[in-house]
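> here are the coordinates; sequence isn't available:
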C-alpha cells in the first residue's frame, strides 16, 4: 500500500498558537473540508485531505482494517509526516467501507468544558417523514418481543429515522456549534462523507467523490480511548428521558437505577465489552454496578471500564474493531440481532451506530459510538434514534425513548416539533 508522495504532509498545525480554544476550532470548522471531534481529553479540528485510506467494504469482517490503517500511517511517516493521524467514521454494517482520511493539518485545543455561545438556527420550512411510521415501529417491537420470548435472541436494538426535507440548504456548522454547547462534557463530532450512494469501494488514487454529506452528532457513549497503554471504555445501556420538572427528573433517575430490566440489559453490554477487551488488556477494572449519568435529554446507566494494554503495539482502532458493535447498538447474539435489524428496519443504517474518531501512528486515539446524530446533505437531513428491546420491553415506552433521543439533534436546529 502506498500514498501519493506528491502530497504535502503538513501534519500538526501550530497556526493557532496559544489562541487555540474549542471556540476558535468551531469557528474555523467548514463542512466539506473539516473533521471536528471534542471529548473530555481535548478538542480536534482536522482540515484538508492529503490521502484517503483505501476503501474496501467490511464484508468478511473488519479485522483487516486496523492493519490496513497502521500500514497507511507508516507510509505517511516515511514521507515526512510526524506522528500522522487518520480521522473519520466506520459504518455499522459490513456492506459499506470505512471513511478514514489523512488530514492536511490538525489543530488541537482544550476540552469543551463549558457551554459556548450558540448561533441562532435560521428558520426554515420543512416536511418530515417518519421511517417507519410510529405505529409500525411499535408493531416491529411487538414482533421482536415474540422472537425474544421464543428464545431466538435476548436483545435487539431497533431504530427509526426522521427524514426532513428543508426549504433551504442546512449549514452543518450551525448544528455542530449548537450541539457542542448543549452537552460540552460529551463527545461532539462532525465528519465529511461522500454523497449518499457514492461511498462504495475504491482505492486512494481513484477519483474522489464530492464530500457533500456531513455526519454530525453529540454522542454520550465512549467506545474506547487509548492514551499510551491506558485503555478506557464507557458503555451505556438502559435509559430514561429527562423531565423539565426537577422532582420528576430525579424520580426517573432513581427508577432507572433500580430497574431490573434496565440493569439486566446494562449487565449484558458490560459483559460483552469486557469479553472483547480481556484478550487485549490486563488489569481490567470493572465496577460492581453502574452509575446514573445524564445528558441534556436523557438519563443513562453507565459503567466506566479501565485497563492496560497487554501489547503496547495494539492500537485504539484495533480495540474499537474488536468491540464493535456492542449489544448497546446491535443486540445479543450479535449475528442474529443483525439479521433481525435488517428485517425490521426499513432503511440502511449506514454510519449510524457505527463509530467515529481518530487514531495516530503511536496507536493512541478515541472512538465513540455514532449515536444522537444526523446526516445533512444539502436540503435533506436524516435523524436516527434506537432503543434496546429486551424481555419486558413495552412498545409504547420504546417509541417514547426514541422520541426523547431524537431531541438531542433536533433541538440543535429548533426542530423538536418534527416529532
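Here it is on my side, so go on. Because the structure is a prediction, the values reported are computed rather than measured.
> endpoints of stretch 26-44, how far apart?
Distance across stretch 26-44, first residue to last, is 9 Å (CA to CA, to the nearest Å).
> so how far is residue 85 from the residue sitting nearest the centre point of the chain?
In the chain, the centroid-proximal residue (CA atoms, centre = their mean) is residue 370; its distance is 1.6 Å. Residue 370 sits at a distance of 19 Å from residue 85 (criterion: CB to CB, to the nearest Å). To be clear about C-beta, it is placed using only N, CA and C from the backbone, and glycine gets the same treatment.
> so the residue nearest to the centre of the chain touches residue 355, yeah?
Yes. If you go by CB atoms under 8 Å, residue 370 and residue 355 touch, sitting 5.9 Å apart.
> contacting residues around the residue nearest to the centre of the chain?
Applying CB atoms under 8 Å, 6 or more residues apart in numbering to residue 370 gives the contacts 89, 92, 189, 215, 217, 219, 351, 352, 353, 354, 355, 356.
> for residue 158, see how far away the residue nearest to residue 330 when sequence neighbours are not counted is.
Excluding the flanking residues, the one nearest residue 330 by CB to CB, 6 or more residues apart in numbering is residue 337, at 5.0 Å. Using CB to CB, residue 337 is found at 10 Å from residue 158.
> what's the neighbour count on residue 279?
8 (other CB atoms under 10 Å).
> let's see the pLDDT reported for it.
What the model reports for residue 279 is a pLDDT of 97.
> for it, helix, strand, or coil?
Following DSSP: H, G, I helix; E, B strand; the rest coil, residue 279 is assigned to coil.
> residue 266 now?
Assigned with three-state DSSP, residue 266 falls in the helix class.
> can you give me the neighbour number for it?
If you count neighbours by other CB under 10 Å, residue 266 ends up with 26.
> what of residue 77?
Residue 77: 13 surrounding residues under other CB under 10 Å.
> now it: how far from residue 367?
Residue 77 is 22 Å from residue 367, where distance means CB to CB.
> residues that sit against both of residue 370 and residue 355, list them.
Common neighbours of residue 370 and residue 355 (CB under 8 Å, 6+ apart) are residue 89.
> let me know the closest of the contacts of residue 370 to residue 120.
Ranked by distance to residue 120 (CB to CB), these are led by residue 217 at 20.4 Å.
> distance check, the residue nearest to that closest one when sequence neighbours are not counted against residue 291.
Of all residues not flanking residue 217 in the chain, residue 373 sits nearest, at 3.0 Å (CB to CB, 6+ apart). Using CB to CB, residue 373 is found at 24 Å from residue 291.
> which one of those two has more residues nearby?
Of the pair residue 373 and residue 291, residue 373 is the one with more neighbours under other CB under 10 Å, namely 27 against 11.
> that one against residue 219, yeah?
Yes. Contact criterion CB under 8 Å: residue 373 and residue 219 qualify, at 7.3 Å.
> for the chain, what spans make up the helices?
22-28, 64-78, 134-149, 172-182, 246-257, 260-277, 316-323, 334-344, 395-411 (DSSP state H).
> what distance separates the longest one from the centre of its chain?
For helix 260-277, the distance between its averaged C-alpha position and the chain's averaged C-alpha position is 19 Å (CA atoms, centre = their mean, to the nearest Å).
> cool, and the shortest one?
The chain centroid and the centroid of helix 22-28 are separated by 21 Å under CA atoms, centre = their mean.
> list the buried residues in it.
22, 23, 25, 26, 28 (16 or more other CB atoms under 10 Å).
> now the fifth one
Neighbour-count burial for helix 246-257, counted by 16+ other CB under 10 Å, picks out 249, 252, 253, 256, 257.
> with stretch 310-317 instead?
In stretch 310-317, counting by 16+ other CB under 10 Å, buried: 310, 314, 315, 316, 317.
> the last one contacts residue 359, doesn't it?
Yep, that's residue 317 we're talking about. Yes. Counting by CB under 8 Å, residue 359 is a contact partner of residue 317 at 4.4 Å.
> quickly list what's touching both of the two.
Contacts common to residue 317 and residue 359, judged by CB under 8 Å, 6+ apart, are 69, 365, 367.
> can you lay out those as CSV showing distance to residue 178 and neighbour count?
As requested, the shared contacts of residue 317 and residue 359 are exported to CSV (distance: CB to CB, whole Å; neighbours: other CB atoms under 10 Å):
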residue, distance to residue 178, neighbour count
69, 32, 24
365, 26, 23
367, 24, 27
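> closest one to residue 347 out of the residues you listed, please.
Of all these, residue 347 sits closest to residue 367, with 23.8 Å by CB to CB.
> so the closest one makes contact with residue 326?
No. Residue 367 is beyond contact range of residue 326, at 11.6 Å (criterion: CB under 8 Å).
> residues touching the residue nearest to residue 217, list them.
Residue 373 is in contact with 215, 216, 217, 219, 352, 383, 384, 409, counting by CB under 8 Å, 6+ apart.
> under the pLDDT cut-off, which ranges of this structure? List them.
1-19, 56-61, 118-119, 199-211 (pLDDT under 70).
> at 90 instead, please
Scanning the chain for pLDDT under 90 picks out the ranges 1-20, 54-64, 79, 94-97, 113-124, 181-185, 194-212, 414, 416-417, 419.
> just give me the longest strand of it.
With secondary structure taken from DSSP state E, the chain has its longest strand at strand 155-166.
> can you count the residues close to the residue lying closest to residue 414 once chain neighbours are set aside?
Nearest non-adjacent residue to residue 414, counting by CB to CB, 6+ apart: residue 121, 4.7 Å away. If you count neighbours by other CB under 10 Å, residue 121 ends up with 17.
> wait, residue 121 sits on residue 411?
No. Shown here, residue 121 and residue 411 do not form a contact pair, counting by CB under 8 Å, at 9.4 Å.
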